[in-house]
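Chemist: this is a predicted model, with the sequence first.
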Amino acid sequence: ASTMSEKELLLPSGDINKRRYDIQHVEQSIETLPENYIPEGASDNSRNRRRKYRCDNFLPCDPRRWMHRFIMLGLMCFLSFGSYYCYDNPASLIRTFIEVMKIDNTRYNLLYSLYSWPNVILSLIGGVLLDRYLGVRFGTVVFSVFVTFGQLIFALGGIFDSFILMLVGRFVFGIGGESLAVAQNAYAVMWFKGKELNMVFGLLLSISRVGSTVNMNVNSKMFDSFSFITDQPKRLGLVLFVGFGWCVLSLLAAVALGLFDKRAAKITKRKEGEGERISLRDIKDFSLALWLVFFVCVFYYVTVFPFIGLATVFLEDKYGFPAHIANIVNSLVYLISAGVSPVFGIAVDKTGFNLIWLNFGIIATLGCHAAFAFGSGSAFIPYLAMIGMGLAYSILACALWPLVAFLVPEHQLGTAYGIMQSVQNLGLAIVPLIAGAIVDHKGYLLLETFFCTCLCVALICGVLLYVIDLTSEGTLNLSAWARHRLEKEKEEKEKIALDKNGISPGGVSDGSGEIPIALQPHSAFQLRNRLLSRMGAQIPDHVVRINPLTTSFAHLGLTK
């Protein structure tokens, strides 16, 4: 048997000379055989050559089975845990940063601003880099390396008492942070599209929020527990090195994901998708309604994340909370959004009326900031306001991001979402500097007034969006039932048009019509799902991973 060719070994056992098969039939049989097939009567050498495929017989090792997919899901969760843990390191230690590094609030907010500046550009090209140049596997590792070394430089800035070095670290960290979320979305779609995708996005969000919450609640205690280190900058650097350790674990997860995915692609003969084209020339075709959506996005989000960056010291100064209590209260926005976002996502999907949900979220957030600005110093107000902000933030996120898919055709989705993310990051780069300057020179009352003004602008844009949709008989504020009915009617019209032109159900002409190819109709869900699966569009994690119907239209991740 050891002298026979591989094709002969695959023939049925018995006298080979008496039972010759047509060689073409044998070649076809080889193509259909499973990777772990070992022919009857094969030699030990032949068995050894195929031994590496034998683990495919077990659930954890077969990429076509559910257990292997969930092993990959575990790695995906670790992929972003480190970046989420480290993003809000400054917020959890704001008082320590200001006192130890001898900086004011304006310079402190540079730690957040410099994170967002590179993403003003990377929001547009991150998905393209992954799809067309780096590939998802290699690109994930590259962006993880940026995150890891950015956090390393950030920690070394504390060790060497150099705030400039810290700023460099945050800039490098920002280069990888947002694009890493894009890669995580791409992996999720590749492995779970058409299966458990909505549940997966919700779980990825929850695990990421665990990282943010752990950071908020343990770093200040960790800094105090290292009291045996008398040099405070070194003590701060040591605390930041814990975040570097989490980033190393995320980097190892990125490497493991790449290796497993490469193996799965070989076994399942998976073909790589083609990237979506992004063209700035599409901007000229954007409607007024779409630009209003962009304005709502930027003016709303600049009142949430920059506030969280300053909230700990604000709660300490105005309400007299100890540092660890202030961190717990500050983390309530993350905890609430992780818990209730799936619920509100289902509610928006089942009811529709996105613009009503959108404006309600803006008004509720405005009420929370007004309570901080003009409320009394009662200790219960911060708890209620932060819980309310978490609820309102979740409502708005679930209602806002699906609107883009209703306003632009499929070929412009990549450009629209990229510009939306770019504008958002521009706001998150500028507003923290403004907020820090206000706190340094005018105080927290004017800061909250500034946030309320931004929310009023967002509310005006939301109301204008409602009026435009109402007067133009748009679909943004339709009920879910009405949208479903319109989609059915559109599909029926398309089907009638195909029949009249002699187009087969698959979209190819049967020869009786003049139109050779017909595009199949797509629902809003299919548009978003295709965008994410083909491009890895950069949509914030706290949005795309929490909405059971609309999660698949994704961003890169997370804009923090």
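Modeler: Thanks, I have it. Note that this is a predicted model, so its numbers are computed, not measured. Numbers count the residues shown, from 1 in each chain.
Chemist: just the pLDDT at the nearest residue to Leu384 once chain neighbours are set aside, thanks.
Modeler: In this structure, Leu384 finds its nearest non-sequential neighbour in Ala371, 7.3 Å apart by CB to CB, 6 or more residues apart in numbering. Quick note: C-beta positions are derived from backbone N, CA and C, even for glycine. At Ala371, the pLDDT value in this model is 94.
Chemist: tell me who's in contact with Ala371.
Modeler: Contacts for Ala371 (CB atoms under 8 Å, 6 or more residues apart in numbering) come out as 381, 384-385.
Chemist: which of these ranks first by neighbour count?
Modeler: Counting neighbours by other CB atoms under 10 Å, the top entry in the contacts of Ala371 is Ala385, with 22 neighbours.
Chemist: now do the same for the residue lying closest to that residue once chain neighbours are set aside: its pLDDT.
Modeler: Leaving aside its chain neighbours, Ala385 sits nearest to Cys368 (4.4 Å; criterion: CB to CB, 6+ apart). Cys368 is assigned 95 on the pLDDT scale.
Chemist: isn't there a helix covering Cys368?
Modeler: Yes. Checked against DSSP: H, G, I helix; E, B strand; the rest coil, Cys368 lies within a helix.
Chemist: who touches it in this structure?
Modeler: Applying CB under 8 Å, 6+ apart, the residues near Cys368 are 385-386, 388-389, 392.
Chemist: give me the distance between the residue nearest to Thr351 when sequence neighbours are not counted and Asp349.
Modeler: Using CB to CB, 6+ apart and skipping residues adjacent in sequence, the residue nearest Thr351 is Ala480, 5.8 Å away. Distance, Ala480 to Asp349, by CB to CB, to the nearest Å: 7 Å.
Chemist: more neighbours, the two?
Modeler: Legend: neighbour count by other CB under 10 Å for Ala480 and Asp349, higher for Asp349 (18 against 15).
Chemist: quick one: low-confidence residue ranges for the chain.
Modeler: Within the chain, the segments meeting pLDDT under 70 span 1-67, 126-128, 130-131, 189, 193-202, 270-280, 410-411, 413-414, 498-560.
Chemist: what is the helix of greatest length in the chain packed up against?
Modeler: In the chain, with assignment by DSSP state H, the single longest helix is helix 232-268. Counting contacts by 3 or more CB pairs under 8 Å, 6 or more residues apart in numbering; DSSP states H and E, helix 232-268 is packed against helix 66-87, helix 94-100, helix 136-159, helix 163-192, helix 197-225.
Chemist: hmm, back to that, the residue nearest to Thr351 against Ala347, yeah?
Modeler: No. If you go by CB atoms under 8 Å, Ala480 and Ala347 don't touch, sitting 10.1 Å apart.
Chemist: Trp117 belongs to a helix?
Modeler: Yes. Assignment of Trp117 by three-state DSSP places it within a helix.
Chemist: right, and it touches Phe171 too?
Modeler: Yes. With contact defined as CB under 8 Å, Trp117 reaches Phe171; the gap is 7.2 Å.
Chemist: burial count for Ser227?
Modeler: 9.
Chemist: now Pro434: how far from Phe450?
Modeler: Residue 434: Ile, not Pro. Counting by CB to CB, the gap from Ile434 to Phe450 is 7 Å.
Chemist: how about Ala289?
Modeler: In terms of CB to CB, Ala289 sits 27 Å off from Phe450.
Chemist: kindly report the same for Asp161.
Modeler: Per CB to CB, Asp161 is found 33 Å from Phe450.
Chemist: in whichever helix or strand comes after the longest helix of the chain, what's buried?
Modeler: Using DSSP states H and E, the helix or strand that follows helix 232-268 in sequence is helix 288-301. Buried residues in helix 288-301, defined by neighbour count with 16 or more other CB atoms under 10 Å: 289-301.
Chemist: so Leu428 sits against Ser116, correct?
Modeler: Yes. At 4.3 Å, Leu428 and Ser116 qualify as touching, with contact defined as CB under 8 Å.
Chemist: list the contacts of Val214.
Modeler: Tyr85.
Chemist: Tyr383 touches Val329, doesn't it?
Modeler: Yes. Using CB under 8 Å, Tyr383 is in contact with Val329, at 6.3 Å.
Chemist: among those two, which residue is more densely surrounded?
Modeler: Taking other CB under 10 Å, Tyr383 and Val329 do not tie; Val329 has more neighbours (20 against 13).
Chemist: leaving out the residues flanking it, which one is nearest to that one?
Modeler: Once flanking residues are discounted, Val329 sits nearest to Pro382: 5.2 Å by CB to CB, 6+ apart.
Chemist: thinking again about what came up before, quick one, which of Ile434 and Phe450 is more surrounded?
Modeler: Using other CB under 10 Å as the criterion, Ile434 and Phe450 rank with Phe450 on top: 20 against 16.
Chemist: which positions within whichever strand or helix holds that one qualify as buried?
Modeler: Under the criterion of DSSP H and E, Phe450 resides in helix 444-471. For helix 444-471, burial by neighbour count (16+ other CB under 10 Å) applies to 444, 447-452, 454-455, 458-459, 461-462, 465-466, 468-469.
Chemist: buried ones in the one helix or strand Phe344 maps to, by neighbour count?
Modeler: Secondary-structure assignment from DSSP H and E places Phe344 in helix 332-351. Neighbour-count burial for helix 332-351 flags 332-338, 340-342, 344-346, 348-349 (criterion: 16+ other CB under 10 Å).
Chemist: of those residues, closest to Thr148?
Modeler: Nearest to Thr148 among those: Tyr334, at 22.7 Å, using CB to CB.
Chemist: what sits against the closest one?
Modeler: Shown in contact with Tyr334 (CB under 8 Å, 6+ apart): 209, 212-213, 216, 390.
Chemist: tell me who's in contact with Ile164.
Modeler: By CB under 8 Å, 6+ apart, the neighbours of Ile164 are Gly157.
Chemist: spatially, and excluding backbone neighbours, which residue is closest to Leu93.
Modeler: Among residues not flanking Leu93 along the chain, Asn219 sits closest, at 5.4 Å (CB to CB, 6+ apart).
Chemist: what sits against that neighbour?
Modeler: 89, 92-93, 239, 242, 327.
Chemist: let's go with 7 Å and repeat that
Modeler: For Asn219, the contacting residues are 89, 92-93, 239, by CB atoms under 7 Å, 6 or more residues apart in numbering.
Chemist: of these, which pair is most distant in space?
Modeler: Greatest spatial distance in those: Ser92 and Val239, 9.2 Å, computed using CB to CB.
Chemist: more neighbours: those two, which one.
Modeler: Shown here are Ser92 and Val239; by other CB under 10 Å, Ser92 has more neighbours (28 against 24).
Chemist: now do the more buried one against Ser331, distance only.
Modeler: With the distance defined as CB to CB, Ser92 ends up 9 Å from Ser331.
Chemist: for the helix holding Phe344, output the C-alpha coordinates as CSV.
Modeler: The C-alpha coordinates for helix 332-351 follow below in CSV (Å, rounded to 0.1, in the frame of the first residue of the first chain):
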residue,chain,number,x,y,z
LEU,A,332,-23.3,54.0,35.6
VAL,A,333,-23.7,55.3,32.1
TYR,A,334,-21.7,52.4,30.7
LEU,A,335,-23.4,49.8,32.9
ILE,A,336,-26.9,51.0,32.1
SER,A,337,-26.3,51.3,28.3
ALA,A,338,-24.8,47.8,28.2
GLY,A,339,-27.9,46.4,30.0
VAL,A,340,-30.8,48.2,28.4
SER,A,341,-29.5,48.9,24.9
PRO,A,342,-30.6,45.4,23.5
VAL,A,343,-34.1,46.1,25.0
PHE,A,344,-34.4,49.5,23.4
GLY,A,345,-33.0,48.1,20.2
ILE,A,346,-35.8,45.6,20.1
ALA,A,347,-38.3,48.3,21.0
VAL,A,348,-37.2,50.6,18.1
ASP,A,349,-37.2,47.7,15.7
LYS,A,350,-40.7,46.5,16.7
THR,A,351,-42.3,49.9,16.8
